[in-house]
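Asker: What follows is a predicted protein model with its sequence.
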Amino acid sequence: MSNELESRQFDSLQTLIDSITPEIHENLKTAVEIGRWANGDKLTPEQLEHSLQAIIAYEARHLSEEWKEDHNGWHW
């Protein structure tokens with residue numbers, strides 16, 4: 001999993017966030033929760049920080065879109 005994103009070149013943070021699939025998002029969340037990648041390798045402090053940033057950015061974009069769809073654009 002860690003190599004999947006690391007091996008790709010991204011020209012912007014937005015391009016990186018757009019490339020995160022729901023499966024990658026779940027894998028990142030699991031890795032952060034247990035401190036290890038699916039292959040058992042321990043996350044480095046840098047990987048942990050970057051993974052958390054990716055999770056937050058992904059959820060801000062996708063969860064807010066879902067919320068808007070569920071609430072037909074109604075704002076609190």
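Answerer: Looks like it came in fine. Model, not experiment: these values are computed from the prediction.
Asker: Quick check: closest non-adjacent residue to Ala31.
Answerer: Counting by CB to CB, 6 or more residues apart in numbering, Ala31 lies nearest to Trp37, which is 5.4 Å off, once chain neighbours are set aside. Every C-beta, even on glycine, is put in place using the N, C-alpha and C of the backbone.
Asker: show me the contacts for Thr30.
Answerer: Ala38 (CB atoms under 8 Å, 6 or more residues apart in numbering).
Asker: helix or strand right after the helix or strand where it lies?
Answerer: Under the criterion of DSSP states H and E, Thr30 resides in helix 22-34. As assigned by DSSP H and E, the chain's next helix or strand after helix 22-34 is helix 45-70.
Asker: thinking again about what came up before, check the gap between the residue nearest to Ala31 and Tyr58 for me.
Answerer: Noted for Trp37: a distance of 17 Å to Tyr58, by CB to CB, to the nearest Å.
Asker: what do you get for Leu16?
Answerer: Distance from Leu16 to Tyr58, by CB to CB: 10 Å.
Asker: With Gln47 instead?
Answerer: For Gln47, the distance to Tyr58 equals 16 Å [CB to CB].
Asker: What of Ser51?
Answerer: The gap separating Ser51 from Tyr58 is 10 Å, by CB to CB.
Asker: got the buried residues for stretch 40-49?
Answerer: Leu43, Gln47 (16 or more other CB atoms under 10 Å).
Asker: and the end-to-end length of that stretch?
Answerer: Start to finish, the residues bounding stretch 40-49 are 18 Å apart (CA to CA, to the nearest Å).
Asker: What are the contacting residues of it?
Answerer: Stretch 40-49 is contacted by residues Ser2, Ala31, Val32, Gly35, Arg36, Trp37, Ser51 when judged by CB under 8 Å, 6+ apart.
Asker: Enumerate every residue touching the third one.
Answerer: This means Val32. Val32 is in contact with Leu43, Leu48, Ser51, Leu52, Ile55, counting by CB under 8 Å, 6+ apart.
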